[in-house]
Each structure stands twice: as structure tokens, then as C-alpha cells.
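Undergrad: coords please:
(chains A and B)
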Amino acid sequence: MFGIGVVPGWLSRAVYAQETPGTRKKVLVAIFQRGAVDGLNVVIPHGEQAYYALRPSIAIPRPNGSGTGAIDLDGYFGLHPALASLKPLWTARQLAIVEAVGSPDPTRSHFDAQDYMESGTPGIRTTSVGWLNRALCAEPDASPVRAVSLTPDLPLSLRGPNAAVAVGSIGDFQIRDTHAASAFEAMYGSSPDRVMNGTARETFEAMRVMQSIEHMPDAPKDVSYPKGRLGQSLRQIARMIKADVGLEVAFTDVGGWDTHVNETGPEPHTGQLANLLRDLGDSLAALSRDLGDRMEDVTVVTMSEFGRTAKENGNRGTDHGHANVMFVLGGNVRGRHIFGHWPGLEREQLYEGRDLNVTTDFRTVLSELVGKQTGNREIARVFPGFRPQPPLGILV
Amino acid sequence: MVVAKAFGSVLGFFLCGALLSAGPLKTGKLKPGANPPNYAAFNRPLSEEDQLRHALDRLTFGPRPGDLERLDQMGLKRWLDEQLHPEKIAENSLLIEKLSPLTSLNLAPPQTYALYESEKSAGQKGPNPAARDLIDAKILRAIYSNRQFAELLDDFWFNHFNVFLNKGADRYFLAVYERDTIRPHLFGKFYDLLLATAESPAMLFYLDNWQSAGPDLAVRAPNNKRARRGLNENYGRELLELHTLGVNGGYMQKDVIEVARCFTGWTIRQPGKGGEFFYSDRLHDKGAKVVLGHVIPAGGGMKDGLEVLEILAHHPATAHHISLELAQRFVADDPPPSLVNRMSETFLKSGGDLRKVLQTMLKSPEFWSEGAYQAKVKTPFEMVVSAVRAANANVDSANALAGQIQKLGEPLYRKIEPTGYSSANTEWINSASLLDRMNFALALAQNRVKGVHVDTGSWESQRDPLQVARSILGALPGAQTEAAIEQQGGAPNMVAGLTLGSPEFQRR
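TA: Numbers count the residues shown, from 1 in each chain, chains lettered A, B, ... in the order given. This is a model prediction of the structure:
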């Protein structure tokens, strides 16, 4: 359709924007915390006595006015102090929290549980299509960048019949020599190798779009994204959103959450988990500041394959558990509210006597977000085998 | 076009004339109905010419110019035997020369620790020389070693028994882990390899087993007054799920705990300074255990863990799991059950003799079949190395290549998860990496990769761009690639770049 590098910005915007002028695309951003984040130390149930009994070394202290204790949210729960950047979002009602959410499948294998969460079909190992791909409505002239993953490879969440591209960075997503680019496009585009052919077509189309936005302004000067991969991924996503190229769903992931040993430093509010959370909080806050009013259309959700044991282990860490916590951020979020049903941490309330119990299926949360953001309300198709539950009312 | 056709027939004559060797490898036929119908392609044998190409594509890191002719001269049977007995192959002196400056590879872990400390106190930022040497050496070995199959197996088993370089003290242990734990056992008994990993400080640290202790122990951890030692399940779980039985191998959560109990006491003396393995009875859970139905009586000490390894190393589920993984890496992502079953049988009958299992695979009709031919997509490591080999490039520094491999999604030694890197096609073909492969291909052919030099003379001497493509691919490209190359015209090194970035070159 277009020559490479010759897409007028206005044209791409016009092609992919909705018919009604002034209507912009809604966006759903999913962030996967790989390794099973310790949700009980992310949103601390400081009102629960059992929490302190179960975690003599690693419990985050009750809110104490200093930077070492939980940041109070509602008198019972608090944020890990490293998530201080998120407190203003909570106060501004842009941040909601879902507690005790997870998968009905009991597996404690990272890889199985991640696959189950990404495929959206817990317990079924053969699903090769992801929930985020199925979330998209079939559209005849869809933008080639409607589904983007800021990861080196396309995650299971985004695999499937709808075109999705994995992008490392907008600037790198091209072949600068235009003759070579044409030759490659020709050889791949008609290659009998179906695997290569399909991926290549999507790639070259997406490449044209990326080239058209490469020269558009980046984040405003007063917005500083953390330098790590998460921060930079969110920055790229923000650029794509602001450029109105038809982005509908975006995905990125963060690893390192598997804190079996030395989850905290000698002081519970320091150490591995604290560092990871600081990066997460600062990245999310930067995204929100960068997007400004545009946050009205954007919903960000965090998820992790399962939580961790209620009780600390012998190595100042935690082992694989069950239920976890999810964050939902956005301008249309019923923020400053903790959703879900908190089952408690007394022994008889724990799953198998060791883990936080799941009281909300993760698909209940995601169905609601998908319905509002991509407009796809055929939940039975997005989450096959899932009996839809009433939405929690996280989005306005 | 006439010129091309003339070349084609001359080429054909040349190849037919050249195939004077012992004839195609005879591998027998599969019984009808040995596999479900969708595996039919594994019943169709390869031509002699394709067998040669297949051997180089699959059992080396990719052919260099002249490799096809050399293999044809030597004969496939003899070549395979050599690759299965690498001690019979004299190592490439060029490799030895290029590895000699990488002195940190010869250090013992305490010395590696000292190296890290001295870098830190000197305020050095950036990757430590020990890490750089480790990564560069792996790339150089893959490019230059004459013992190619052994290098592929090193990569396979390292991924199978993955350890993450950047987890704390693993930085100090990794060179020794690969050199002394993995590499000596590539063609030996699986039990020996398994035991070596179980006792390695690298694995014990990575999967936290060194800190695991009996539940009734109230040992004070050195730095933290309030900590209690306790059982850590991490190694027990991955030993069953990833290293031996496999996720469907028939174990329960309870077995994970019991196995973990058996391995309490398998620890490291001063890991923070690169210390050694030692067994600590004080940390050991002395009670009786039941693992997969086997009763392990109380008071067994270190023998508990040894018995678990014995059970696992000879278990049918392990035989199947290992055979399947080998077939997935070397045959096809979905290998025919007939092959996996025969390899598994060999594994069990031979007590886990890995050379024998590999021989079963390499003598099989399934390996030398159309179903296996060009069936695998190259991983980033394989793509970059095979491109350097196909271009016959000289590598002074592998550093830029390491960066390239990382960019394509496979940072060497830095897979965080114990699964290691997958070799499945779907893992590696996606938009970002496809563009990056094309960009790398162009850069390499145009001599824009730092530390790597391509002598473009042999490409420039070809009159026909298709011969440049053929010299890189070992065969003429498919019609679409051929058309794109011919239409592009341009300098030989541009043709080479397009070939290295072509769909054909991404497969092996």
C-alpha cells in the first residue's frame, strides 16, 4: 500500500481512528510480573494480626509515618513503602486494587501457571492462543499495530489469529536500507514458508507505522521513566497511544519476582522485592503523568502467575503460593477502592493451610476490563470454559 | 536467466560428479502405522545430497564454505562416528589461539570472586571480564570448534540444567560449572551428569538448596538474628519437573517436599567467596522419607539424596523426558513418537548411556527424513554463529556478536528461569527478532559488525549473484528468494546480506 518510510502521519491516524471524529481508541495494557510476586508484601494487610505472626522477619511494619512502614490505604491494607509513587494515584482514584485473586488451578509450577494465565484457560495445557489476542474484535481494516508486545518475543498472551507484533523499541523497528527492505519484503511476503511469511507480513506493515511515529515527540521533560526495561517499555507504549496509530492492547513483562531467598534485606522494607516494586511504582506513575488526560482511555492491569506462601520460609523469603493481588490503573477506574473478598490469614482460612485463598477468579477481572476497553463482550470466546461471574465494578 | 540455467546444469554436474563417497546413510524403514498419519513426512527418506546438508545444518552450527565437499569426501558414516567421539578430532588451532587470552576461564571460583572484588574496588562499571570471557568463549567455540556436535550438546545440556549467571555467587561458579560439570559428561551416563549438577555449587546456589535445612532446626542464619533456617523446595521441584521426570512424570506435591528433605545438607562452604560443595549433617533432615513410593529410612545422611538421584536417573519417565527433549532439539519440535520411544528404550536398557541414546537418534530413519529436513528454526545463538560461519568471517572479538545474540532475545548464560532457552520454532519467530536478524545479516555482510571481519573476495569473484547465495546456503535458494535477489541486483555483499537474512537461512 505505502512505500516504506513514506506514511504521512495524518493519513495513518485517519485510517485507524474511528469513524466518529474525536473518538479515540481505548487501550488495555497488561503487565505480567513473572516469577510469582509476593502479593502479601505488595499490599500489606496491616490490620491482620496473623500477617505479623506468620512473617516475623519479613513483614512490613504497620503504618508508622516513616518510610519503613506500610503506606496506609484504607485502615486495613497498605502499600509497600517502595510503592510511594502510587499513593497519589490512589488518592486521585486512578488506582484500584483487587485482593485474593488468582487461578482455580492448583499448580505451583511457574511455567504451567504462567501459561494458564496467559492462555486464559487454567488447567488446559494445549491452548496455543492467548487471552489478549482473543480479546480483540475481528476487524477488516485493523491497524497493524493494534496489538503490540514490548518484549523480545511474542508472549503467549498475544499469540493467535489476530495480528500482533513484538517490538523492542520504536526506533529499532526498521530496516534503514530501503532497497534491502523491499527485497526482504518481497522474498518473505511470497515465501512458501508459512511461518515466516505470516510473521513477516505483519512485521513490514507494522514497520511502516512505526516509521511514521518515530519523529513524533517523546515524553514531556518533567516525566522521567525509570531506565530499566519496564519503564522504557511503558514509555514506548505511551508514544504509540499518543500517536493514535490504532493501538488497542499492549503487553510487557517484568521478571525477578521469585523471591525464595532474601526477599527483604535486614530491614523488611529494603531488599530485592523493594527494589522491584520501586521500579514498578515509578514506571506506572511516569506512564500516568506522561499520558495525562489520555489516561481516560487507558486501563493498565498487573498480574502474576500465583502468589506466595503466607508464612515466610527459613531463608527470609517465601515459596510458591496461590492467590495474589492485581493493580488496575486508569482514568476510568473506580479507584481508591479494594475489590474482591479478603478471606483472611488464619490457618483455617488458608488454602491447603499455607496460601492465601483465591476468592476471585482472575478471569472475572480481565473479562470486565476486556469488555470495556476492546469492546469485546463475548466472554465465552475470550475465556473459553469460564462461567462468567458478575463484574466487580472496577471500571466506571 | 540463460546464464543462470547454464550455471545450474554445470552445478548439477559438479555435485553429481562429486558425490563419490560411500553412498547415502542406510537407516532402514519405519513400520507402517508406527506413527499417527500426521507424521508421514518422517517416513520419507532424504536423498544423499540432502543427507549431507542435513548433517551439517543439524549437527553443526552451520556449514562453512567447503564443508559440504569435505563431508562428502570423508563420508557421512565416518564423520558421524567422529562427532560422537570428539576425542578423536584434533581441535582447531585457531580456536585454541582465540581462547588463550580469555584467562579468567581457567580460574577456580575463589579466584573468580577475587577478580570481581578487584573490579568492584577499582570502580569498574560494565560487565566483569569473567562474564565477558565466558560468553565470548561460548560463541568462539561454536564458530571455530571442530567438535561441533559436542558444542551443540554443551548448549543443550546447559539449557537443560540451566543456571543464571547473574544470581549472586553464581557469577563465580559458572565457568567451572560448564567446564567440569556439564562438558565432561556429554557422552557419558546421565546419572553421572545429574549427580555432578546436584553437587555443583552453581546449581545448589541457583536453586537455593544450599540454604535448605531440616524443619526442626533452629539455626541462626549468620547475618540475621531473627531468621530461622528451614526447608527450601526450589531444587526439589525443579529436579523433578525440569531435570528428570518432567512435568507429566507422575510426581505429586508431596514428592517435591520429600525430595527437598532428602537434599537438606547439600550445601556450599562460603558461597559468597566461591567456596566448595560440602555435605552438612547438621542441616540434614534426619527423618524417614517416602519418594515416589520408595521408603527412605531415617538416618541416611547424604545417601538420601544419592538414592533419589539413582531412582530418578533410571526412571522410565526420565528416559522419555530426556529422549523427547533431545529429539525436539535435534529432529523436530513435534518429533515422531516412534523415535522418542526407541531412544527412551535405549536409555533404559543402557542405564542412561547418552552416547547410545544419541546413536539411536542418529541411526534412525526419522532423523534422515523429509519430516526433519529444514524443520527447525535457528535460535538467535544458532543464527548469528551460522551466519559468521557461512561468511567465513574472522572474529577478533566476539563481544559485538554477544550483544547481537542478546538483542535477538537469547542473552547467553542469562536465562533467569530454570527452564533454560527453548529451541521451539514458535519461540523465536516474531516481528522484532525477524527485523533484527535481517539487520544483522546486512551488517555482517557489509563488515559493520565490530570485531568481525568478512573477506568479501570470494563473493566478489562470483559472476552470478545466485552463486553467492548458493555458497552461503549450501544449495540454491527457493524461487521467491531467488527472484528477490535477482531483482535487487547490487553488490555481492548486498546479495550475501539478503541471503543471510532470507527465510531459508533462518532454518536448519
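
Undergrad: sec struct for A:Pro268, please.
TA: With DSSP: H, G, I helix; E, B strand; the rest coil as the basis, the three-state label of A:Pro268 is coil.

Undergrad: Need the per-residue pLDDT for it.
TA: pLDDT recorded at A:Pro268 is 95.

Undergrad: same thing with A:Thr199?
TA: Predicted confidence (pLDDT) for A:Thr199: 85.

Undergrad: Please apply the same query to B:Arg171.
TA: pLDDT, B:Arg171: 95.

Undergrad: hang on, it is in a helix, isn't it?
TA: Yes: under three-state DSSP, B:Arg171 sits within a helix.

Undergrad: which residue ranges form the helices in the stretch 201-350 of chain B?
TA: All helices of the stretch 201-350 of chain B, identified by DSSP state H, counting those that start in this stretch, fall at B:201-206, B:234-238, B:253-262, B:303-313, B:316-330, B:337-349.

Undergrad: Number of residues surrounding the residue of the stretch 1-150 of chain A found nearest chain B?
TA: At 4.8 Å from chain B, A:Ser57 is the closest residue in the stretch 1-150 of chain A, using CB to the nearest CB. C-betas here are computed from N, CA, C, even on glycine. A:Ser57: 19 surrounding residues under other CB atoms under 10 Å in any protein chain shown.

Undergrad: so how far is A:Pro81 from it?
TA: To A:Pro81, A:Ser57 is 17 Å away according to CB to CB, to the nearest Å.

Undergrad: Quick check: which of the helices of the stretch 201-350 of chain B is nearest to B:Leu194?
TA: With CB to CB as the criterion, B:Leu194 lies closest to helix B:303-313 of those, at 5.2 Å.

Undergrad: one step back: okay, the helices of the stretch 201-350 of chain B, which one's buried deepest?
TA: Mean neighbour count, computed with mean count of other CB atoms under 10 Å in any protein chain shown, is highest for helix B:201-206 among these, reaching a mean of 27.

Undergrad: so does that one get close to chain A?
TA: No: Helix B:201-206 lies out of reach of chain A by CB under 8 Å from any CB of the partner chain, never closer than 9.6 Å.

Undergrad: can you check stretch B:53-72 too?
TA: No: Stretch B:53-72 does not reach chain A (CB under 8 Å from any CB); its nearest approach is 15.0 Å.

Undergrad: Show me which positions of that stretch end up buried.
TA: With burial defined by 16 or more other CB atoms under 10 Å in any protein chain shown, the residues of stretch B:53-72 counted as buried are B:53-64, B:67-68, B:71-72.

Undergrad: Most widely separated two among those?
TA: The span of the buried residues of stretch B:53-72, defined through CB to CB, is set by B:Phe61 and B:Asp72 at 19.1 Å.

Undergrad: Residue of chain A closest to chain B, please.
TA: The nearest approach of chain A to chain B comes at A:Gly314, 2.2 Å away (CB to the nearest CB).

Undergrad: That residue belongs to a helix?
TA: No: per three-state DSSP, A:Gly314 lies outside any helix segment and is coil.

Undergrad: give me phi/psi at the closest residue in space to A:Glu202 that isn't next to it in sequence?
TA: Counting by CB to CB, 6 or more residues apart in numbering or on different chains, A:Ala163 is the residue found nearest to A:Glu202 once chain neighbours are left out, at 4.5 Å. The phi/psi pair for A:Ala163 (degrees, to the nearest 10) reads phi -60, psi 130.

Undergrad: A:Ala163 contacts A:Ala142, doesn't it?
TA: Yes: A:Ala163 is within contact range of A:Ala142, at 7.1 Å (criterion: CB atoms under 8 Å).

Undergrad: Please name the residues that touch residue 150.
TA: Went with chain A since none was named. Listed by CB atoms under 8 Å, 6 or more residues apart in numbering or on different chains, the contact partners of A:Leu150 are A:166-168, A:233-234, A:236-237, A:250-252.

Undergrad: Actually, chain B is the one I wanted.
TA: Per CB under 8 Å, 6+ apart, neighbours of B:Ala150: B:83, B:86, B:183, B:186-187.

Undergrad: Give me the distance between it and B:Glu417.
TA: B:Ala150 sits 26 Å away from B:Glu417, going by CB to CB.

Undergrad: try B:Gly287
TA: Separation of B:Gly287 from B:Glu417 (CB to CB): 31 Å.

Undergrad: before we move on, what about A:Ile31?
TA: Distance check for A:Ile31 against B:Glu417: by CB to CB, it reads 18 Å.

Undergrad: Which one's more surrounded, the two?
TA: Neighbours were counted for A:Ile31 and for B:Glu417 using other CB under 10 Å; A:Ile31 has more, 25 against 17.

Undergrad: Just confirm that one is within a helix.
TA: No: judged by three-state DSSP, A:Ile31 forms no part of a helix; its state is strand.

Undergrad: my guess is it meets A:Asp253, correct?
TA: Yes: using CB under 8 Å, A:Ile31 makes contact with A:Asp253 at a distance of 6.9 Å.

Undergrad: for chain B, what spans make up the strands?
TA: With DSSP state E applied, chain B shows strands at B:266-268, B:277-279, B:289-291, B:294-296, B:394-395, B:452-453, listed in chain order.

Undergrad: Out of these, flag the one nearest chain A.
TA: Checking the strands of chain B against chain A by CB to the nearest CB gives strand B:266-268 as the closest, at 12.1 Å.

Undergrad: ok, is the closest one in contact with chain A or not?
TA: No: using CB under 8 Å from any CB, strand B:266-268 stays clear of chain A, coming no nearer than 12.1 Å.

Undergrad: And the residue of chain B closest to chain A?
TA: Proximity of chain B to chain A (CB to the nearest CB) peaks at B:Gly230, 2.2 Å away.

Undergrad: got the contact list for A:Ala70?
TA: A:Ala70 is in contact with A:44, A:46, A:60-63, A:78-81, counting by CB under 8 Å, 6+ apart.

Undergrad: List buried residues within those residues.
TA: A:44, A:46, A:60-61, A:63, A:78-81.

Undergrad: if we can go back for a sec, helix/strand/coil for the residue of the stretch 1-150 of chain A closest to chain B?
TA: Here A:Ser57 takes the coil state, with states given by three-state DSSP.

Undergrad: right, and it touches A:Arg316 too?
TA: Yes: counting by CB under 8 Å, A:Arg316 is a contact partner of A:Ser57 at 5.4 Å.

Undergrad: end-to-end on stretch A:374-385?
TA: 20 Å (CA to CA, to the nearest Å).

Undergrad: again with stretch A:217-232
TA: Stretch A:217-232 stretches 15 Å from its first residue to its last (CA to CA).

Undergrad: Can you give me the buried ones in that stretch?
TA: Neighbour-count burial for stretch A:217-232 [16+ other CB under 10 Å]: A:219, A:223, A:225-226, A:229-232.

Undergrad: do stretch B:458-465 as well
TA: Within stretch B:458-465, the residues that count as buried by 16+ other CB under 10 Å are B:459, B:462, B:464-465.

Undergrad: do the same with stretch B:102-119
TA: Of the residues in stretch B:102-119, B:102, B:104-105, B:107, B:109, B:112-113, B:115-116, B:119 count as buried by neighbour count, 16+ other CB under 10 Å.
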